[in-house]
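Participant: Provided below for reference: sequence and predicted model.
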Amino acid sequence: MLGLFAFSIMVFAVVAVPAKSGGVVCEKSKFPYFVADSTQCDRFYKCEDLKSTEMLCEDGMVFVEELQKCDLPFHVDCTSRPNLQPPKGFGNCSRLNGLFPVNSRCDQHFWCRDGQEILIECAPGLVYDVKQGVCEFPDIALRPGCLPEQFLGFTCPKITGEKMLKFGDHERLAKPSDCRYFYKCMSNGLPRLGGCELGKVFNHETGFCDLPKNVKGCEHYYDKGSS
Ligand SMILES: *[C@@H]1O[C@H](CO)[C@@H](O)[C@H](O)[C@H]1NC(C)=O
């Protein structure tokens, strides 16, 4: 009796498992093509000879139907199919592939490929923009915790009128602690870090990069290393 009961449960359980969802109706086509899944951004189907085969992007990538391939998720709208496969990442790679922020640093990110990580550092003055997946000016990235004033440690003075137009779209102010760099105060009132090419320093009188001998207090800026 118990045996029969257990058996019927088992049969029921097998019957109750839903048929694998998805599948798409493939159209007649000379060549194989791919169709996005309607609920999961990293799942898609290969249509070939009117038959569909379910496929998954590599962990961290999502399927882009217009490109007929998997790509990093930046600039891909997954809002209507938000599901994703469970992450297979480890260590500093949340997923096996992709770009991931470094928790404690605004200006670094991990570049992961098959779970192998490379630490990438942005150029001076730039932060890693988590939305775009690139190093970006902090006043464009507007990343919480990495906002320009916090990140650069500089707040622009209120600049109004014609003084603002001195450099087209911004004003320039010296960075007191480093002759080579200066702050650009943009028309949005937020600072950007600017820098002079190697061998030059910022001349706060002209607002342009200049030879060290022309800038009082910065004459020996490039001598430091040799002393
Ligand atoms: C993560 O990255 C940091 C900084 O590069 C490194 O010190 C650490 O060992 C990494 N952790 C793992 C688990 O790979």
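Facilitator: Alright, I've got the coordinates. Numbering: from 1, shown residues only.
Participant: going forward, measure contacts and count neighbours with C-alpha atoms only.
Facilitator: OK.
Participant: mind checking the SS state of Pro86?
Facilitator: Here Pro86 is recorded as coil under DSSP: H, G, I helix; E, B strand; the rest coil.
Participant: Report how many residues lie close to it.
Facilitator: 9 (other Cα atoms under 10 Å).
Participant: Equivalent analysis for Leu198, please.
Facilitator: 8.
Participant: From the centroid of the protein, which residue is nearest?
Facilitator: Gly133 (1.6 Å; Cα atoms, centre = their mean).
Participant: Quick check: it touching Leu99?
Facilitator: Yes - with contacts counted by Cα atoms under 8 Å, Gly133 reaches Leu99, the gap being 6.5 Å.
Participant: For Phe110, see how far away the residue nearest to the centre of the chain is.
Facilitator: Going from Gly133 to Phe110 by Cα to Cα, to the nearest Å gives 11 Å.
Participant: shaky segments in this structure?
Facilitator: Residue ranges of the chain with pLDDT under 70: 1-23, 159-165, 224-227.
Participant: Spell out the residue ranges of the helices in it.
Facilitator: Taking DSSP state H as the criterion, the chain contains helices spanning 2-16, 138-141, 148-152.
Participant: on that earlier part again, shared neighbours, Gly133 and Phe110?
Facilitator: Here Gly133 and Phe110 have Leu99 as joint contacts, going by Cα atoms under 8 Å, 6 or more residues apart in numbering.
Participant: Which phi and psi values does the residue nearest to the centre of the chain adopt?
Facilitator: Main-chain torsions, Gly133, degrees, to the nearest 10: phi 70, psi 30.
Participant: From Arg143, how far off is it?
Facilitator: When Gly133 is compared with Arg143 (using Cα to Cα), they lie 12 Å apart.
Participant: got it, and Thr39?
Facilitator: From Thr39 to Arg143 the distance is 29 Å (Cα to Cα).
Participant: What residues of stretch 109-116 count as buried?
Facilitator: 109-113, 115 (16 or more other Cα atoms under 10 Å).
Participant: Just the ones of those in strands?
Facilitator: 109-113 (DSSP state E).
Participant: Out of the residues you listed, which is nearest to His204?
Facilitator: Closest approach to His204 among those (Cα to Cα): His109, at 33.5 Å.
Participant: Now do the contacts for the residue nearest to the closest one when sequence neighbours are not counted.
Facilitator: Distances taken as Cα to Cα, 6 or more residues apart in numbering put Pro101 closest to His109, at 4.5 Å, once the chain neighbours are dropped. Applying Cα under 8 Å, 6+ apart, we find Pro101 in contact with 108-110, 128, 130.
Participant: Relative to Ser94, how far out is Pro101?
Facilitator: As for Pro101, its distance to Ser94 is 10 Å (criterion: Cα to Cα).
Participant: Also Phe31?
Facilitator: Distance from Phe31 to Ser94, by Cα to Cα: 36 Å.
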